[in-house]
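In: 3D model of this:
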Amino acid sequence: MNKNRRDTLSRLAALAALSASVPGLSSAQGAATKKLKLVATNSYTQQPIAFGVQKGFFREEGLEVEFVDVQDAVTGVATGELSFAFGPTSVYLRAAALGAPIKIVSSGFRSKGPYFLIARPGIQDIAGLKGKTVGNAHAGSNLDTVLRTILVRNGLDPRRDVTLFGNGSTQQAYGTLISGQVDATIIHQPFAALGELEKTSRTLARGWDYLPTYHTGVLIAGDRLIANDPDLLRRGLRAYFKSYTYAKANYPEYLPWLQARLKLNPRAVELALRQEDDVWDNNPDVDPVAIQDTQRIEIEQQNQKAPYDAKKYIDLRFVPREYIKPFQYPDKSAALKG
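Out: Numbering: from 1, shown residues only. From the prediction side, this is the model:
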């Protein structure tokens with residue numbers, strides 16, 4: 001080995017040693033390790049994030065994930081308590097338009113409302129809800145909008161033909177059904193699947209069959225983070241979509257993990273995944289046509305007075321381009337087989 005080559009190798013070795021000794025450098029990416037703050041949640045649909053953390057997908061991006069107890073996602077990202085957060089599109093768009101310092105930075109792992117209208121045994125169809133009490137989660141919520149649309153499309157007036165009852169969501173909503181407080185409710189999984197298996201309810205309709213372009217899932221970030229640390233956002237979104245994409249592509253690995261984590265009826269967890277598989281599309285892009293349709297629906301429901309200029313509140317510069325795909329909407333005939 002000649003002297004020049006020995007000198008070059010010595011310098012490379014010295015640089016490698018120096019990099020390894022500097023605190024905060026990620027060995028995987030060679031970039032500084034950063035802390036990503038995400039909401040702590042037991043939500044069934046948010047578990048791929050924890051799964052991705054265990055798989056090391058965030059570490060590969062040089063991220064240390066901290067799960068934070070935050071009650072309101074808009075406040076959380078606006079104040080910097082959260083790096084980004086998932087939630088309902090129309091609610092977050094409205095918050096931004098009203099002055100909250102946030103932007104929609106990506107669609108979520110899904111953007112179509114995975115809401116199920118379920119009823120107690122004995123109610124055979126939607127027409128059978130006339131005169132009954134129906135849980136609508138919260139007035140003005142995405143679930144309420146979808147419920148009202150389903151009722152109207154089936155010839156029922158939500159103001160006269162049923163009694164709407166604000167019964168919350170998920171487990172709380174399911175509790176109002178099985179305790180007899182309501183005859184039916186709009187609800188998320190895995191409770192539609194759980195009701196079918198335990199024969200406490202039957203599914204009458206799925207929300208996205210009625211409103212396929214009603215956009216219901218985005219990620220938001222605070223204006224301050226976008227301005228001061230776009231690299232954190234870029235890395236975080238890449239790890240987020242890698243986690244969700246891997247989980248969906250590897251159900252044999254993900255499902256047992258999820259069943260153990262949720263401590264619910266494991267058959268209900270599996271059925272829930274299968275029943276909403278077609279809306280879990282892992283596409284970070286935001287369809288402007290769907291945003292337009294969503295605003296039209298919100299105006300019809302009197303949740304919004306006039307259309308917002310959505311471009312002001314959507315910033316897609318940081319989405320991982322490798323996960324973008326053409327927009328697709330479920331075929332209704334196929335969905336009804338679920």
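In: Spell out the residue ranges of the helices in the stretch 201-338 of the chain.
Out: Ranges of helices within the stretch 201-338 of the chain are 207-210, 223-228, 230-249, 251-262, 266-275, 288-300, 332-335, based on DSSP state H, counting those that start in this stretch.
In: Output the second one as CSV, restricted to C-alpha atoms.
Out: Backbone C-alpha positions of helix 223-228 (Å, rounded to 0.1, in the frame of the first residue of the first chain) are rendered in CSV as follows:
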residue,chain,number,x,y,z
ASP,A,223,-46.9,26.9,11.2
ARG,A,224,-44.0,27.3,13.6
LEU,A,225,-42.7,23.8,13.0
ILE,A,226,-43.1,24.1,9.2
ALA,A,227,-41.1,27.3,9.2
ASN,A,228,-38.4,26.2,11.7
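In: Quick one, which of the helices of the stretch 201-338 of the chain gets closest to Gly56.
Out: Gly56 sits nearest to helix 230-249 of all the helices of the stretch 201-338 of the chain, at 9.6 Å, using Cβ to Cβ. All C-beta spots, glycine's among them, are computed from the backbone N, C-alpha and C.
In: quick one: contacts of the closest one?
Out: 31, 34, 36, 48-49, 51-53, 55, 57-58, 60-63, 83-84, 105-106, 109, 219, 221, 225-226, 254, 277, 280, 282, 284, 317-320, 323 (Cβ atoms under 8 Å, 6 or more residues apart in numbering).
In: Okay, buried residues for that helix please.
Out: 232-233, 235-248 (16 or more other Cβ atoms under 10 Å).
In: mean confidence score for stretch 280-293?
Out: Average pLDDT, stretch 280-293: 96.
In: again with stretch 194-207
Out: 96.
In: Please spell out which residues along that stretch are buried.
Out: Under 16+ other Cβ under 10 Å, the buried positions of stretch 194-207 are 194-197, 201-207.
In: same question, stretch 169-176
Out: 169-170, 173-174, 176.
In: Stretch 158-167 too?
Out: 158, 161-162, 164-165, 167.
In: Going by neighbour count, list what's buried in stretch 258-271.
Out: 258-259, 262, 264-265, 268-271.
In: Now the terminal residues of that stretch, how far apart.
Out: 12 Å (Cα to Cα, to the nearest Å).
In: Out of the buried residues of stretch 169-176, which sit inside helices?
Out: Among the buried residues of stretch 169-176, the ones falling in helices (DSSP state H) are 170, 173-174, 176.
In: which one of those sits closest to Val152?
Out: Nearest member of those to Val152, counting by Cβ to Cβ, is Ala173, at 20.8 Å.
In: Run through the residues that contact the closest one.
Out: By Cβ under 8 Å, 6+ apart, the neighbours of Ala173 are 135, 137, 167, 185-187, 191.
In: now do 7 Å
Out: 135, 137, 167, 185, 187 (Cβ atoms under 7 Å, 6 or more residues apart in numbering).
In: Then Leu255?
Out: 270, 273.
In: Report the buried residues of stretch 176-190.
Out: 176-177, 182-190.
In: Among the ones in helices among the buried residues of stretch 169-176, which one lies nearest to Asn303?
Out: Ala173 (19.6 Å).
In: could you point out where this structure is predicted with low confidence?
Out: 1-30, 330-338 (pLDDT under 70).
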